[in-house]
Structures are given as structure tokens and as C-alpha cells.
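J.: Return atomic coordinates for the entry below.
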Amino acid sequence: SVPLPCPPRRRDAESIAPARPPPRSPVRHPAYRRSILSLQQRNIELGRVALVNLAADPLYGKLVTIVDFVDMNRVLVDSPTIQRCVISLRRLALTSIVVDLKGEKSPSKETLAAALKAADVEGKWAASAWGKKIARQQARKNLTDFDRYKVMVARVKRSALVKKALA
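T.: The predicted structure is shown next:
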């Protein structure tokens, strides 16, 4: 059996696909520029406070401080409430808070605790929008069934007052 030859390719106008128009530039949301600028200000540096954001990690939701570099992808982190450990940068979300470690790599627990207290990291985190959002989510997560019922009743009463005021 002889293989069949391929049919000749048509070269007429209808077989040639029309040229695609150039892609349009994407429309950017106003917050896009702000997010790019804020990323540029958050460098991976000694003393940078980060939030562990991988749910599978046992440190999930904890604030840690970068105290040393292992390589391009991993850092040594520490906090007064955890044991010092190496963690991947993929698991960290950098905050805008930086603690002054005076250029000291791998400071002792006492030195780090004093620097964190002097920088008022917990207060700054609690005052930030990010920290407030996480606290609000945690509070809602810990509500009991009766607490959720009380919230629902309060919402109904509030909306009734708003409707009465606007009417």
C-alpha cells in the first residue's frame, strides 16, 4: 500500500486567515498602580515583619520577623511566640513594618523581643487595615450560633431604623 500524498495547500484569499489586530492595552484599575508601588517599598530585608499566609503551615496567621537569609528562596524567621525556623518566601506575605535590628544577623531572642517591643509591632499591626481585617475575620469565625442570631437581629433593627430615617 502506497501512502496517499497530502492534498495541496490552497493559497487563495479565503484560505488565508485575516491578520489579527494588535492587542489593546489592558485597562488598569486605579488600585493597580498603588499595589505596584507598595510592592516596590516592601523589600526582603533583615527586620522585615511578615505574615505566614499558607494555611497548611503550622505558623499560619502568625507575624514573624526575618532575622537571616538562607538562600534566594528561604529565610530564617523568628518571633517571641515561635521557635526560630527556616521558611520559604512563598509562604510569607511581607508587611510594611520593619524592625531595626541594627544590622545584626540572627539576633538573640531577648534582643529581638526588645526590638519588637520598641517598634510597637503588635500595635502597628492592630492599627493597620490588614490587621483589622484579619481580626474581624477571626472574630466572625469564632461566633457561636446564638451570637450569629444576635447579629442578625441587630442588623434587622438597624435596617429598620435606617429605612425610617430615610422615609
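J.: Packing partners of the strand or helix carrying residue 51?
T.: In the assignment (DSSP states H and E), residue 51 maps to strand 48-52. Judged by 3 or more CB pairs under 8 Å, 6 or more residues apart in numbering; DSSP states H and E, strand 48-52 is in contact with strand 63-69, strand 92-98. Quick note: C-beta positions are derived from backbone N, CA and C, even for glycine.
J.: Could you say which of those is packed most deeply?
T.: strand 63-69 (a mean of 21; mean count of other CB atoms under 10 Å).
J.: Now the element after it, going C-ward?
T.: strand 74-78.
J.: what lines up beside that next one in the sheet?
T.: Applying DSSP bridges, strand 74-78 is found paired with strand 63-69 (antiparallel), strand 85-88 (antiparallel).
J.: And those: which comes nearest residue 146?
T.: With CB to CB as the measure, strand 63-69 is the member of the strands paired with strand 74-78 nearest residue 146 (31.7 Å).
J.: Just the residues contacting the closest one, thanks.
T.: 44-52, 75-79, 82, 84, 87, 92, 95, 99, 101, 105-107, 112, 116, 121-122, 125 (CB atoms under 8 Å, 6 or more residues apart in numbering).
J.: Could you pick out the buried ones from the residues you listed?
T.: Buried by 16 or more other CB atoms under 10 Å: 46-52, 75-79, 87, 92, 95, 99, 101, 107, 112, 116, 121, 125, out of these.
J.: longest helix anywhere in the protein?
T.: helix 145-166 (DSSP state H).
J.: quick one: average confidence on it?
T.: Mean pLDDT, computed over helix 145-166, is 97.
J.: Just checking the distance from that helix to the centre of its chain.
T.: 32 Å (CA atoms, centre = their mean, to the nearest Å).
J.: Please name every helix or strand in contact with that helix.
T.: For helix 145-166, there is no helix or strand it packs on, judged by 3+ CB pairs under 8 Å, 6+ apart.
J.: Buried ones in it, by neighbour count?
T.: Buried residues in helix 145-166, counted by 16+ other CB under 10 Å: none are found.
J.: can you list contacts of it?
T.: The contact list for helix 145-166 (CB under 8 Å, 6+ apart) reads residue 143.
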